[in-house]
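Student: 3D, please:
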Amino acid sequence: MNMLRKYWPDLGMLVTAVTAIGIVMNLRSMSELSMILWLSFIAILVHQFEEYRWPGYFGGLFNIVIFKSEQPTRYPLNPQSAMVINLVIAYVFYLLPVFFPTFIWLALAPIFMGFFQFVWHGLFANIKAKTWYNPGLFAVLVFHFPIGGWYLYYITEHKLASTADWIIGLLYFVIAVYLLIIKGNMWLKDIHSPFHFSDKQLGPYHNK
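Tutor: Residues are numbered from 1 along each chain as shown. The predicted structure follows:
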């Protein structure tokens, strides 16, 4: 568990590399819809790597800037809670649509989350930190936005989404954000957690 806790963002990049190779090798046989969904999965892995490995100071942004914690190395976010929440988001929430591409609502929710990340990283967090960049924003602009736009264009162009798909997808997105991000952080916060972020993971906000 200690190895996974320490290296899960790096594992995500290994999975990204294997997935990218698989896409290239199966390019001719893979449907466009499947390709988009695999790329969406890659997007969240890159996003998480940016947040927690390089530059990797999302923990500091979250604890110091957003929550003004007096125990920023471990509260409210800590390496254990970050790992659990992000692994569920990547390998359940984002990966399920890859295997069930005909369930359009199932993919719409993570696509909506990708767009929502701009509100969080691009607007809210930057305003709070008085910056133009924070870890996660690059993946939002370079991966989530174009891939999400491609997916919405594809399902609209091919008339794959019913009204029910849009409604259920939106509801699923809201529920996922509430359970995985809002409640997830509340359930897993522990001011006495033995797991703590390093100075590097607190980033430029350390000692502020």
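Student: Flag every buried residue along the longest helix seen in the chain.
Tutor: In the chain, assigned by DSSP state H, the helix with the most residues is helix 2-25. Across helix 2-25, burial judged by 16 or more other C-beta atoms under 10 Å covers 8-9, 12-13, 15-16, 19. Just so you know, the C-beta spots here come from the backbone N, C-alpha and C atoms, and that holds for glycine as well.
Student: what's next to that helix, contact-wise?
Tutor: Helix 2-25 is contacted from outside by 30, 35, 38-39, 41-42, 45-46, 48-49, 51-53, 56, 79-80, 83, 86-87, 90, 195, using C-beta atoms under 8 Å, 6 or more residues apart in numbering.
Student: Using ChimeraX, make a named selection holding only the buried ones among those residues.
Tutor: One line in ChimeraX is enough to select the buried members of the contacts of helix 2-25, burial here meaning 16+ other C-beta under 10 Å:
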select :35,38,39,41,42,45,46,48,49,51,52,53,56,79,80,83,86,90,195
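Student: avg pLDDT for stretch 168-177?
Tutor: In this model, stretch 168-177 has an average pLDDT of 98.
Student: Test my guess that I66 contacts N126.
Tutor: No - the pair I66 / N126 is not scored as a contact, 11.7 Å apart, by C-beta atoms under 8 Å.
Student: I figured L95 hits I42, correct?
Tutor: No - proximity of L95 to I42 does not meet the contact threshold set by C-beta under 8 Å, at 10.8 Å.
Student: Next up, the contacts around the residue most central in space within the chain.
Tutor: What sits nearest the mean C-alpha location of the chain, by C-alpha atoms, centre = their mean, is I44, with 4.5 Å. By C-beta under 8 Å, 6+ apart, I44 lies in contact with 89-90, 94, 110, 114.
Student: quick one: which two of those are the most distant?
Tutor: Spanning the widest gap among the contacts of I44 are A90 and G114, at 12.3 Å by C-beta to C-beta.
Student: Do you know the pLDDT at N207?
Tutor: pLDDT at N207 comes out at 65.
Student: Same question for W150.
Tutor: Confidence score, pLDDT, at W150: 98.
Student: Would you check that F103 makes contact with P97?
Tutor: Yes - here F103 lies in contact with P97, judged by C-beta under 8 Å, at a distance of 7.1 Å.
Student: Between those two, which has more neighbouring residues?
Tutor: Ranked by neighbour count (other C-beta atoms under 10 Å), F103 and P97 place P97 first, with 26 against 14.
Student: in the host helix or strand of the more buried one, what's buried?
Tutor: Assessed by DSSP states H and E, P97 sits inside helix 96-99. Neighbour counts using 16+ other C-beta under 10 Å place 96-98 of helix 96-99 among the buried residues.
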